[in-house]
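S.K.: Coordinates for the following, if possible.
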Amino acid sequence: MGIDYSLSPGTICAIAERSPDGKQLIFSVFDPGKGRGRELTRFDIDDPQADYYAYGFDLSPQGDRLAVLKAPTGHIDILSLTGRPRQSFTVKDYNFGLDWAADGKGLFTSSHLHGGAALLHVDLQGNAHVLWVLKGGLLVVGLPSPDGRRLVMEGATMNSNVWMVESF
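M.R.: Numbers count the residues shown, from 1 in each chain. Modelled structure (predicted):
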């Protein structure tokens with residue numbers, strides 16, 4: 001499914017894989033030199049037949065939580081790896097991407113707007129704030145620097161021309 005890592009030194013990398021019956025995502029510690037390690041947590045998924053991109057995840061910078069996204073619904077679950085209760089919310093008009101803010105107090109994602117795409121900051125209660133709008137954009141992604149002082153913003157657009165050829 002995917003791999004992600006926390007930003008704090010000495011914390012963990014995680015890998016997500018589907019269970020053999022396809023009904024869960026299994027998150028495990030991953031060491032690039034040793035491979036898969038201990039299981040961190042499991043997450044029940046709605047549709048065992050859903051494609052590879054139906055679920056995304058991001059490990060918090062501190063390595064203590066996983067944000068799991070169900071695309072394209074925009075439903076996000078925050079899973080604690082330290083025994084805290086699960087948090088759940090849905091981001092309206094969600095589109096693509098899921099990245100933790102460096103301070104662990106929110107997430108960056110994108111949303112479709114009429115005529116473009118918007119980069120959103122979403123707090124852990126599901127309240128979204130527009131940070132940037134890319135007119136004509138298909139998607140935007142925001143990736144914070146480890147110190148939280150900078151944000152890399154990437155956007156994708158598509159242009160096309162239609163030509164009509166007669167008597168071809």
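
S.K.: going forward, measure contacts and count neighbours with C-alpha atoms only.
M.R.: Will do.

S.K.: So what sits opposite the closest residue in space to residue 86 that isn't next to it in sequence in the bridge?
M.R.: Distance criterion CA to CA, 6 or more residues apart in numbering; nearest residue to residue 86, sequence neighbours excluded, is residue 79 at 5.2 Å. Note on residue 79: beta-bridge partners residue 66, judged by DSSP bridges.

S.K.: Tell me who's in contact with residue 79.
M.R.: 65, 66, 67, 68, 85, 86, 87 (CA atoms under 8 Å, 6 or more residues apart in numbering).

S.K.: Among those, which one lies nearest to residue 163?
M.R.: residue 68 (42.9 Å; CA to CA).

S.K.: What is the burial count for that closest one?
M.R.: 21 (other CA atoms under 10 Å).

S.K.: Point to the residue nearest the middle of this protein.
M.R.: Taking CA atoms, centre = their mean, the centroid of the chain lies closest to residue 98, which sits 2.3 Å from it.

S.K.: Wait, it touches residue 60, no?
M.R.: No - with contacts counted by CA atoms under 8 Å, residue 98 stays clear of residue 60, the gap being 10.8 Å.

S.K.: picking up where we left off before, disregarding residues adjacent in the polypeptide, which is nearest to the residue nearest to the centre of the chain?
M.R.: Excluding the flanking residues, the one nearest residue 98 by CA to CA, 6+ apart is residue 109, at 5.0 Å.

S.K.: Was I right to think that neighbour contacts residue 123?
M.R.: No - Residue 109 is not in contact with residue 123 according to CA under 8 Å; the separation is 10.9 Å.

S.K.: who's more crowded, these two?
M.R.: residue 109 (26 against 16).

S.K.: beta partners of the more buried one?
M.R.: Beta-bridge partners, per DSSP bridges, of residue 109: residue 120.

S.K.: check contacts around it.
M.R.: Shown in contact with residue 109 (CA under 8 Å, 6+ apart): 94-99, 119-122, 140-142.

S.K.: Residue 37 too?
M.R.: Residue 37 neighbours (CA under 8 Å, 6+ apart): 28, 29, 30, 31.

S.K.: ok, so what distance separates it from residue 70?
M.R.: From residue 37 across to residue 70, the span is 25 Å (CA to CA, to the nearest Å).

S.K.: For the residue nearest to the centre of the chain, give me the pLDDT.
M.R.: pLDDT, residue 98: 88.

S.K.: and the gap between it and residue 38?
M.R.: 24 Å.

S.K.: Residue 122 now?
M.R.: 30 Å.
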